[in-house]
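1. next input, structure requested:
(one chain, ligands or ions: 1)
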Amino acid sequence: MAGNLFNIGRKTITPIDNANKPLSKSINVSNEMTNEEFDTIRKVIYELSGIYFTDSKKYLLESRISKRITSNNMKSFSDYILYLQRSPSRAELDALYEAITINETFFFRVPQQFDALESVIFPELISLKKTMPNPTIRIWSAASSSGEEAYTIALIILEKIKPLYPYISFQIIGTDINNAVIDAARKGVYKEYAIRNIPEQYLKKYFVIDNGVYYLKDEVKRMVRFSNLNLYDTNAMRALPQFDVVFCSNVLIYFDIPSKQKVVSDIYNVMTKSAYLFIGYSESLHGISKAFKLVHLPKAMAYQKE
Ligand SMILES: C[S@@+](CC[C@H](N)C(=O)[O-])C[C@H]1O[C@@H](n2cnc3c(N)ncnc32)[C@H](O)[C@@H]1O
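-> Presented below is the predicted three-dimensional model:
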């Protein structure tokens with residue numbers, strides 16, 4: 001972890017460590033994050049999560065971290081940095097991830113990917129597995145946010161796949177680093193923004209609509225298990241089961257190249273032979289991994305484990 005890069009200037013105080021010994025450097029008391037503080041805090045966040053804040057995101061990080069400083073009754077960025085570098089509580093790390101992650105998502109975000117899942121990938125996986133005892137297809141939404149992606153997959157299985165192949169079991173897992181969005185996913189309650197891309201047939205059949213709020217029915221919620229997982233935590237990644245399909249959409253964009261490479265390699269290791277990986281519409285594994293074959297599906301592309 002980075003050394004303490006405290007800016008000495010403006011108004012300063014001398015921090016006291018846990019043993020009440022004065023530290024050798026002074027810290028800055030200010031609402032403005034210095035470049036040194038920015039460098040240190042982005043390094044701490046990067047080492048914890050793989051999320052990399054580029055220089056242009058300094059003001060975004062400043063405003064998000066300011067809220068954590070206020071909540072912790074601290075006085076400065078340096079106080080908070082010091083706390084993070086020593087032994088932050090689990091609760092504070094969770095609050096930090098809630099503060100810094102971007103959780104934008106909605107149902108049927110890239111419809112072409114879900115069409116390909118329904119028309120090509122599921123039939124192919126089913127024909128591979130159908131002669132096995134207890135055939136099961138495992139799907140992972142690797143940065144599931146509030147659950148829309150994982151539930152989109154559940155809706156397709158319920159509506160289109162299960163009626164044709166009732167003897168196949170499906171397990172869908174959604175994971176995210178942000179506990180608040182995991183709680184929201186488990187609740188399955190959505191606003192207009194989240195459902196705007198859902199074909200009407202799904203909306204009518206699988207949601208209870210009340211006063212502009214969309215409540216996902218239990219039969220869909222039961223199909224997905226959500227849990228906290230940091231994609232940058234290799235030990236946690238190694239503990240995962242093997243998946244036949246992985247969606248890792250719109251999260252690699254927050255990582256730099258080495259952290260993308262690490263995360264994609266760890267994902268590769270939990271994919272079954274010939275499993276498929278979907279990433280975001282505008283994302284690519286170019287320069288990140290050569291371990292996958294790029295597969296052209298009708299109107300969509302996926303990566304397949306070779
Ligand atoms: C923009 S959302 C994408 C949601 C969904 N996959 C989609 O494409 O619609 C990105 C999600 O990645 C999560 N995330 C960011 N860094 C992560 C990490 N290191 N491990 C797990 N999840 C992470 C964020 O909390 C956020 O919910």
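
2. how about the residues of the stretch 201-306 of the chain by the ligand?
-> 230-232, 249-251, 254, 280 (CB under 6 Å from any ligand atom). (C-beta placed from N, C-alpha, C; glycine too.)

3. poorly predicted segments of the protein, please.
-> 1-30 (pLDDT under 70).

4. from the recorded domain assignment, give the ranges for it.
-> Per automatic domain parsing, the structural domains of the chain span 12-100, 111-305.

5. touching the ligand at all, the shortest one?
-> Yep, that's domain 12-100 we're talking about. Yes. With CB under 6 Å from any ligand atom as the criterion, the ligand is reached by domain 12-100 at 49-51.

6. which one of these is nearest to the ligand?
-> S49 (4.2 Å; CB to the nearest ligand atom).

7. show me what contacts that closest one?
-> 97, 177, 230, 232 (CB atoms under 8 Å, 6 or more residues apart in numbering).

8. just give me the neighbour total for the first one.
-> I take that to be Y97. By other CB atoms under 10 Å, the residues close to Y97 number 21.

9. show me the contacts for it.
-> 49, 177-179.

10. could you redo the last one with a cut-off of 7 Å?
-> Residues in contact with Y97 (CB atoms under 7 Å, 6 or more residues apart in numbering) are 49, 177-178.

11. cool, and the second one?
-> Counting by CB under 7 Å, 6+ apart, I177 touches 49, 97, 101, 228, 230.

12. which of these lies closest to the ligand?
-> Nearest member of the contacts of I177 to the ligand, counting by CB to the nearest ligand atom, is T101, at 3.3 Å.

13. thought N178 was touching that closest one, still the case?
-> Yes. Taking contacts as CB atoms under 7 Å, T101 lies within contact range of N178: 4.9 Å.

14. with neighbour numbers in mind, choose between those two.
-> N178 (23 against 19).

15. tell me which residues of stretch 103-114 are tucked away?
-> 105-110, 113-114 (16 or more other CB atoms under 10 Å).

16. picking up where we left off before, adding distance to P133 and secondary structure, write the contacts of Y97 out as TSV.
-> What follows is these, written out as TSV (distance: CB to CB, whole Å; DSSP: H, G, I helix; E, B strand; the rest coil):
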residue	distance to P133	secondary structure
S49	39	helix
I177	36	coil
N178	38	coil
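
17. mind giving me TSV with these and columns for distance to K75?
-> Output for those, formatted as TSV (distance: CB to CB, whole Å):
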residue	distance to K75
S49	25
I177	28
N178	27
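
18. state the distance from E306 to the ligand.
-> 24 Å (CB to the nearest ligand atom, to the nearest Å).

19. which residues are in contact with A239?
-> Per CB under 7 Å, 6+ apart, neighbours of A239: none.

20. backbone phi and psi for it, please?
-> phi -80, psi 0 (degrees, to the nearest 10).

21. what about the strands in the stretch 151-300 of the chain?
-> Using DSSP state E, counting those that start in this stretch, the strands of the stretch 151-300 of the chain run over 169-176, 189-190, 207-210, 213-216, 224-228, 243-248, 271-279, 292-297, 300-305.

22. end to end, how far does stretch 288-297 reach?
-> 21 Å (CA to CA, to the nearest Å).

23. that should have said stretch 228-246, apologies.
-> OK, stretch 228-246 end separation, CA to CA: 16 Å.

24. one more: stretch 159-168?
-> 14 Å.

25. and it, which residues are buried?
-> 159, 161, 165, 168.

26. how about the third one, nearest residue that isn't a chain neighbour?
-> Read it as Y165. I126 (5.3 Å; CB to CB, 6 or more residues apart in numbering).

27. just checking, the one you found touches I168?
-> Yes. Counting by CB under 7 Å, I126 touches I168, with 5.7 Å between them.

28. what's the spacing between the closest residue to V264 other than its chain neighbours and the ligand?
-> Leaving aside its sequence neighbours, V264 sits nearest to S289 (CB to CB, 6+ apart; 4.7 Å). Counting by CB to the nearest ligand atom, the separation of S289 from the ligand is 17 Å.

29. give me the number of residues near S289?
-> S289: 16 surrounding residues under other CB under 10 Å.

30. quick one on the thing from earlier: just curious, which of the buried residues of stretch 159-168 is nearest to the ligand?
-> Of those, the one sitting nearest to the ligand (CB to the nearest ligand atom) turns out to be E159, at 20.0 Å.
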